[in-house]
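Novice: Here is a sequence together with a model predicted from it:
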Amino acid sequence: MGTLDNNAYFHAFKEDISGIELPLRFTFPFCYEPHALAIIAAEELQTYLETQNEWTHNFGLEENNDSLAIGKMFGILVVRDQQHRLGYLAAVSGKLAGSNKHQYFVPPIFDMLEEDGFFLNEEVHLNALNRKIEFLENSEELEQTTSNLNRLKGYWDTQLELLKTKLRSQKKNARKPEQDCVPSYRMKTSKCSWRICAVKA
């Protein structure tokens, strides 16, 4: 549980929580039993989502809504403000109803949708590059070049195999059996002996 310096996004509990003891430590986020205060805060957030009229977003819960359904993840954090009042912060993952800025939710540290911001400006360049890549991938020039590459690759693979076959044949012919030799003589030294062989043409 943290201490809040700015009350802009601080939500005081609507339910009486005076009889609920505070937790001794922060819970492990991936395996825990939610504290009673966290459950109450989550329920109050759910009530807000069901009754608010500040924005419209299709969560996929309405059968007669034909717009694109996009589920969202919400979170709460129990805090204490400078007056030591208990309350909670609420947050949402990603943009909600086409925006990252809402009065009820803590804003993101980095707003990707900010006008003239880094993300939107760079997204224009990335989209242009993607369109250029798509154009080149579907171009007739690439198709022709790929066809030529495959044809040349097949030709040189064949030439390589022919050269390998020729090389193996030359190595085989270079081995001269003893019966192909004409009479010869030996030269001896104290340690070695050589046989000099004349090869038939």
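Specialist: That came in fine, so what should we check first? Numbering: from 1, shown residues only.

Novice: for Ala38, helix, strand, or coil?
Specialist: helix (DSSP: H, G, I helix; E, B strand; the rest coil).

Novice: Which pLDDT value does the model give it?
Specialist: For Ala38, the model assigns a pLDDT of 94.

Novice: what about it, how many neighbours?
Specialist: 19 (other CB atoms under 10 Å). (Glycine included, C-beta is placed from N, CA and C.)

Novice: can you pull the contacts of it?
Specialist: Contact criterion CB atoms under 8 Å, 6 or more residues apart in numbering gives 76, 78 as the residues in contact with Ala38.

Novice: separation between Glu62 and His84?
Specialist: With distances taken as CB to CB, to the nearest Å, Glu62 is found 41 Å from His84.

Novice: do Thr165 as well
Specialist: Distance, Thr165 to His84, by CB to CB: 90 Å.

Novice: Those two: which is more packed in?
Specialist: Using other CB under 10 Å as the criterion, Thr165 and His84 rank with Thr165 on top: 10 against 7.

Novice: helix or strand for the more buried one, which one?
Specialist: With elements taken from DSSP states H and E, the one containing Thr165 is helix 140-174.

Novice: Pull out the buried residues from that helix.
Specialist: Across helix 140-174, burial judged by 16 or more other CB atoms under 10 Å covers no residue at all.

Novice: starting at the chain centroid, how far to it?
Specialist: The gap between the average C-alpha position of helix 140-174 and the chain average comes to 39 Å, counting by CA atoms, centre = their mean, to the nearest Å.

Novice: model confidence over that helix, on average?
Specialist: Helix 140-174 carries an average pLDDT of 92.

Novice: so what does it touch, helix or strand wise?
Specialist: Contact analysis of helix 140-174 by 3 or more CB pairs under 8 Å, 6 or more residues apart in numbering; DSSP states H and E lists no helix or strand as a packing neighbour.

Novice: Please enumerate the helices of the protein.
Specialist: Along the chain, the stretches classed as helices by DSSP state H are 36-51, 118-137, 140-174.

Novice: To Ala12, which of those helices lies closest?
Specialist: helix 36-51 (9.8 Å; CB to CB).

Novice: how about stretch 34-43: buried residues?
Specialist: 35, 37-38, 40-42.

Novice: what stretches of this structure score poorly on pLDDT?
Specialist: Counting by pLDDT under 70, the chain shows low-confidence ranges at 1-6, 111-120, 176-201.

Novice: redo that, cut-off 90
Specialist: When residues are selected by pLDDT under 90, those of the chain lie in 1-8, 23-33, 53-72, 81-84, 93-103, 107-128, 168-201.

Novice: Tell me how many other residues surround His11.
Specialist: Burial of His11 is recorded as 17 neighbouring residues (other CB under 10 Å).

Novice: how close does Ala90 get to Ser18?
Specialist: Taking CB to CB as the measure, Ala90 falls 22 Å from Ser18.

Novice: which of these two has more neighbours?
Specialist: Comparing Ala90 with Ser18 by other CB under 10 Å, the one with more neighbours is Ala90, at 21 against 6.

Novice: Pretty sure that one sits against Ile76.
Specialist: Yes - counting by CB atoms under 8 Å, Ala90 touches Ile76, with 5.4 Å between them.

Novice: Brilliant, that's me finished.
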